[in-house]
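Colleague: no sequence for this one, just the structure:
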């Protein structure tokens, strides 16, 4: 037994030297630390009614009554910005001309039309967070425990095209100006935060 123990250590060292270490000896790297906080929940009947009403305004068009509502929280504010829904009305959530970053976002997905909706945030320091599916009849809130500015949002759906734009620090409104199933709004790699955004279906 003692002889085996003496041979085992040099053998493992030699294997590691040539990149042949057994799988059991492999060192696992932990996932990068993130301060993103994601909270999800079920819509109240009142919330669902409001989102579905937004979709009803567009029933008969290509959207099949699908809708979502969205909202931004601006850093340093005690209240959330205006909540908007994809009912065809113009507007945005957040601020323009105040040089204030968004630090939290909120979405509600209606129960009509089985919208498949996914959202993802990109933060100033942590980078890209996890992509989150938001099933019909639920809401999601994405923030950062350190209040990092939001720089970009990834919007994706498998059954509905979206159009969106973001107001970016020192740049203004940025958008692909296209109806897409998958798109990012805001900026990545420019060290600029998002100040406002809008989404359409």
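Modeller: Yep, that arrived. Computed from a predicted model, the values in this text were never measured in an experiment. Numbering: from 1, shown residues only.
Colleague: what bridges to residue 141?
Modeller: With DSSP bridges as the criterion, residue 141 is bridged to residue 39, residue 106.
Colleague: meant to ask about residue 69, not that
Modeller: Bridge pairing for residue 69 (DSSP bridges) gives the partners residue 85, residue 108.
Colleague: Just give the number of residues close to it.
Modeller: Neighbour count for residue 69, taken as other Cβ atoms under 10 Å: 22. Every residue, glycine included, has its C-beta placed from N, CA and C.
Colleague: ok, now residue 201?
Modeller: For residue 201, using other Cβ under 10 Å, the count is 27.
Colleague: How about residue 125?
Modeller: Quick note: residue 125 (other Cβ under 10 Å) scores 11 neighbours.
Colleague: tell me the contacts of it?
Modeller: Taking Cβ atoms under 8 Å, 6 or more residues apart in numbering as the contact definition, residue 125 lies against 146, 148.
Colleague: Can you report phi and psi for it?
Modeller: Backbone geometry at residue 125, expressed as degrees, to the nearest 10, gives phi -110, psi -40.
Colleague: How about residue 47?
Modeller: Here is the backbone geometry of residue 47 (degrees, to the nearest 10): phi -60, psi -50.
Colleague: Can you give me the pLDDT of residue 144?
Modeller: Note for residue 144: predicted pLDDT of 94.
Colleague: Can you show me the strands along the chain?
Modeller: For the chain, the strands defined by DSSP state E cover 36-42, 68-74, 84-85, 93-94, 102-109, 117-123, 127-128, 132-134, 138-144, 150-157, 163-168, 172-174, 182-186, 194-200.
Colleague: Would you reformat the ones you listed as TSV and include distance to residue 48?
Modeller: Compiled in TSV, the strands of the chain are given as follows (distance: least, Cβ to Cβ, whole Å):
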stretch	distance to residue 48
strand 36-42	9
strand 68-74	10
strand 84-85	12
strand 93-94	20
strand 102-109	8
strand 117-123	15
strand 127-128	30
strand 132-134	13
strand 138-144	10
strand 150-157	19
strand 163-168	23
strand 172-174	31
strand 182-186	26
strand 194-200	18
